[in-house]
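Engineer: Below are the sequence and a predicted model for it; my questions follow.
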Amino acid sequence: MFDTWYDTQRDMSLAWLQDLHAHPETGFEEVRTAAFVAARLTDFGYEVATGIGGTGVVGTLHGPGASASAPGRCIAFRAELDALPMEEKANLPYRSQDAARFHGCGHDGHTVTALTAAAYLAQHRDFDGTIRFIFQPAEELLTGARAMLADGLFERFPCDEVYALHNLPGLPKGAVAIPSTSALASADNIDVTIRANGAHGAMPHTGEDAMLAAASFLTSVQQAATRVFDARDTGVISFGTLTGGTARNILPEEIRLEGTMRTTATTVRDRLVGLLSDTARATETIFGVTVTVSVEKVAPVTMNHPAVVAAVVTSATRIVGAEKVIENARSLMASEDFSEFSARVPGAYFFVGQQGRAPHHPEYVFDPEIIPVGAAIIADLARTRTSRSLNARANT
């Protein structure tokens, strides 16, 4: 039924994608994008709330017999509104009209996938409970989910389950991969400051060498990280900036390092935080410097809930066939603040395969042919996960 319907919808969905792609907006600036989404949802007949967490949008649709006072089981689907602050290098006829912004992660495609599913469900209300579509700002900043939660998202729009999808180049086109536990890594910001008494480069013994201490700190962290936790666990620390010094022959008084830490288990994260602290103390002892380490939690591990994972597997199998469904898929070391939602409501994050460059590459292109795959899975989940029989079992 969905495929037949999408044959009549395809041109409209492609027009939506081209419009959103040509007009990208970055985190908390998605004013035009949010208005576009809200207008479509209103046209479909959804109850629409805007300005959630800044520029977030929530659309609600009740099935036959459900209402705001008696919503039945409520299922939510999250899509992202924001683009990246980078220039597009892909030669598309609908390429970004803003040289400084680009939908280089496919959030425009995810938004259109959700809108397509929303349009279908509005025309085929063969579900029992309530459906919500959550359009989130500032996912790339890893702060949009917290902003929506701080604005009372789940108090104002409660739900029993929440789902999200992401395109995944490298996975066979149209295939669906569902991690069974952790889907994406946690994210932490690391800031390290090394302070010393500077000296002339020709007389390092008259002071402390913060530069050498920084080099030792970096290599010690990476070497020790391979030995402090089980090799079957996953964690990575990477430093992207090192700043300090004013001249080639002066040992600097301060060196600053900035990095990121990603793990797929809280136990690994906590052990790596301890490793950073231990390495700092050892560096101080060896080099006579002062080392300050700050670790800021940005996003927790995106954990999938077993029952919700099973629901995605069932729906995906029905839509694309068992041969294209990858269960127990490996998690990615990328991070997502959908984790903030799934930490509060049972959730599942899954991937839809496509070809081409990886997200965040300047030549990345979202494949519009995977729109109906994701939309059909969402529609199937809406029907199966809001069923009255499921609600009755949950209440027994």
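Structural biologist: Thanks, I have it. Remember, predicted model here, so these are calculated numbers, not experimental data.
Engineer: how about the strands in the stretch 151-300 of the chain?
Structural biologist: With DSSP state E, counting those that start in this stretch, the ranges of strands along the stretch 151-300 of the chain come out as 161-169, 176-178, 182-185, 187-195, 199-200, 235-244, 250-251, 254-263, 290-299.
Engineer: Out of those strands, the one nearest Q136 is which?
Structural biologist: strand 161-169 (9.0 Å; CB to CB). To be clear about C-beta, it is placed using only N, CA and C from the backbone, and glycine gets the same treatment.
Engineer: Which elements pack onto that closest one?
Structural biologist: Secondary structure elements in contact with strand 161-169, counted by 3 or more CB pairs under 8 Å, 6 or more residues apart in numbering; DSSP states H and E, are strand 74-80, helix 107-123, helix 306-320, helix 338-342, strand 347-354, helix 371-385.
Engineer: Quick one, which of the strands of the stretch 151-300 of the chain gets closest to D270.
Structural biologist: Per CB to CB, nearest to D270 of these: strand 254-263, 8.9 Å.
Engineer: so that closest one versus strand 187-195, what angle?
Structural biologist: Counting by axes from the mean of the first three to the mean of the last three CA atoms, to 10 degrees, strand 254-263 lies at 160 degrees to strand 187-195.
Engineer: Adjacent strands (with direction) for strand 254-263?
Structural biologist: strand 187-195 (antiparallel), strand 235-244 (antiparallel) (DSSP bridges).
Engineer: What spatial separation is found between I131 and P137?
Structural biologist: I131 sits 21 Å away from P137, taking CB to CB, to the nearest Å as the criterion.
Engineer: Could you list the low-confidence segments of the stretch 251-396 of the chain?
Structural biologist: 391-396 (pLDDT under 70).
Engineer: Repeat the analysis, applying 50 as the threshold.
Structural biologist: For the stretch 251-396 of the chain, the stretches flagged by pLDDT under 50 are 396.
Engineer: any chance of the strands paired with strand 254-263 in a markdown table, with mean pLDDT too?
Structural biologist: Shown next, in a markdown table, are the strands paired with strand 254-263 (pLDDT from 0 to 100):
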| stretch | mean pLDDT |
| --- | --- |
| strand 187-195 | 98 |
| strand 235-244 | 96 |
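Engineer: and N91, how many neighbours does it have?
Structural biologist: N91 has 8 neighbours, counted by other CB atoms under 10 Å.
Engineer: Could you pull up the residues touching it?
Structural biologist: If a contact means CB atoms under 8 Å, 6 or more residues apart in numbering, then N91 has no contacts.
Engineer: what's whatever helix or strand Q9 lives in in contact with?
Structural biologist: With secondary structure defined by DSSP states H and E, Q9 is part of helix 2-22. Helix 2-22 has contacts (CB under 8 Å, 6+ apart) with 33, 36, 40, 92, 94-97, 103, 108-109, 111-112, 115-116, 119-120, 123-124, 319, 366, 368, 371-372, 375-376, 379-380.
Engineer: I'd like the strands of the stretch 151-300 of the chain as JSON lines, with distance to T8 and mean neighbour count appended.
Structural biologist: Output for those, formatted as JSON lines (distance: least, CB to CB, whole Å; neighbours: other CB atoms under 10 Å):
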{"stretch": "strand 161-169", "distance to T8": "23", "mean neighbour count": "24"}
{"stretch": "strand 176-178", "distance to T8": "24", "mean neighbour count": "25"}
{"stretch": "strand 182-185", "distance to T8": "33", "mean neighbour count": "26"}
{"stretch": "strand 187-195", "distance to T8": "41", "mean neighbour count": "20"}
{"stretch": "strand 199-200", "distance to T8": "75", "mean neighbour count": "14"}
{"stretch": "strand 235-244", "distance to T8": "46", "mean neighbour count": "15"}
{"stretch": "strand 250-251", "distance to T8": "71", "mean neighbour count": "18"}
{"stretch": "strand 254-263", "distance to T8": "43", "mean neighbour count": "20"}
{"stretch": "strand 290-299", "distance to T8": "39", "mean neighbour count": "16"}
